[in-house]
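Enquirer: Provided below are the primary sequence and the corresponding predicted coordinates.
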Amino acid sequence: MITVLVGIVKSVLVIIILASFLEILLPEGSLKPFVRFTVGLFVLISILNPLLRVAFTHHNFEVGWWDEKTPPVAAIQEEGQKISKSLLQNSKSSMQEKIEQQISAVAVLVPGVEEVRTLADMDEQGKVTSLHLLIKPEQKNEGEGAGKRLKNLSGNNMLSRDEQNNLGKKVSQLVRNFYGLENTVIEVEFEGGK
C-alpha cells in the first residue's frame, strides 16, 4: 500500500510541476481556466487509477483503445463493394424505368399512335443498347380509310403493312433523333402482330 501512495505522490508532483511550467508559458487570458481544468483531471486520474487497481485487483480499469482490433481491410473493402454494387443496380433499374417512360411519352407524340410500351436494354455505363417498342395505333372510324384497313379475326381494325412500316419508321426516327440513339437497335412491334 505504501508503494501505491509513493507512486501517487510522484505522479501528482510531476503533473503539478508540468502544469506550473505550462502556466508560466501561457499568456494571461481565457485559456488558463481550461489548462487548470485539464491539469485537475490528470491529477484526479493519477490518484484514482492506482487506488482502483488496489481496491479491485480482479478488474482491469485501463482503457487501451489503441489495442482495439479492427476487421481486416479486405472484409471492409468487400462490404463496400457489395453496397456499391447494390446502389448501382438500384440506380440502373430506376434509370431504365425512367428512360422507358420518357421514350413512351415521346413516341406517343407521333400522329396515329395511341399508346407505346417501351422495353430498354442498357449496358453497365447506363447507355441504351436496344429498344423494343410495342405500339398501339389510334383507332379510326370504319368509314375513314376503310379501304386501307384490314380486319383481324376479332373484328378490330388493323393497320396495313405499309401503314405499320411508315408509323414504325416515324416513331423510331423520332426516338433516335430525340435521344441520340444512332447506333441503337430499335425494334418496333404493333399490337396484334408486326
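Expert: Structure's in. What do you need? Predicted model only: the values in this text are computed from it and were never measured.
Enquirer: and the most centrally placed residue in the chain, how far is that from Val9?
Expert: Residue closest to the average C-alpha location in the chain (C-alpha atoms, centre = their mean): Leu87, at 4.4 Å. Relative to Val9, Leu87 is positioned 59 Å away (C-beta to C-beta, to the nearest Å). C-beta here means a position set from N, CA and C on the backbone, and glycine is covered the same way.
Enquirer: distance of the residue nearest to the centre of the chain from Gly80?
Expert: 11 Å.
Enquirer: Toward the C-terminus, what is the element adjacent to the helix or strand harbouring Gln81?
Expert: Per DSSP states H and E, Gln81 falls inside helix 73-107. Remark: after helix 73-107, the chain's next helix or strand is strand 113-122, criterion DSSP H and E.
Enquirer: and the angle from that following strand to helix 73-107?
Expert: Taking axes from the mean of the first three to the mean of the last three C-alpha atoms, to 10 degrees, one finds that strand 113-122 is oriented at 160 degrees with respect to helix 73-107.
Enquirer: what mean pLDDT would you report for strand 113-122?
Expert: For strand 113-122, the mean per-residue pLDDT is 90.
Enquirer: now do stretch 170-187
Expert: On average, stretch 170-187 scores 88.
Enquirer: Look up the closest residue to Val113, ignoring the ones flanking it.
Expert: Leaving aside its sequence neighbours, Val113 sits nearest to Ile135 (C-beta to C-beta, 6 or more residues apart in numbering; 5.8 Å).
Enquirer: Quick one: list the elements packing against the helix or strand harbouring the one you found.
Expert: Secondary structure assigned from DSSP H and E places Ile135 in strand 128-137. Packing contacts for strand 128-137, counted by 3 or more C-beta pairs under 8 Å, 6 or more residues apart in numbering; DSSP states H and E, involve helix 73-107, strand 113-122, helix 161-179, strand 185-190.
Enquirer: Phi, psi for Gly126 please.
Expert: phi 90, psi 10 (degrees, to the nearest 10).
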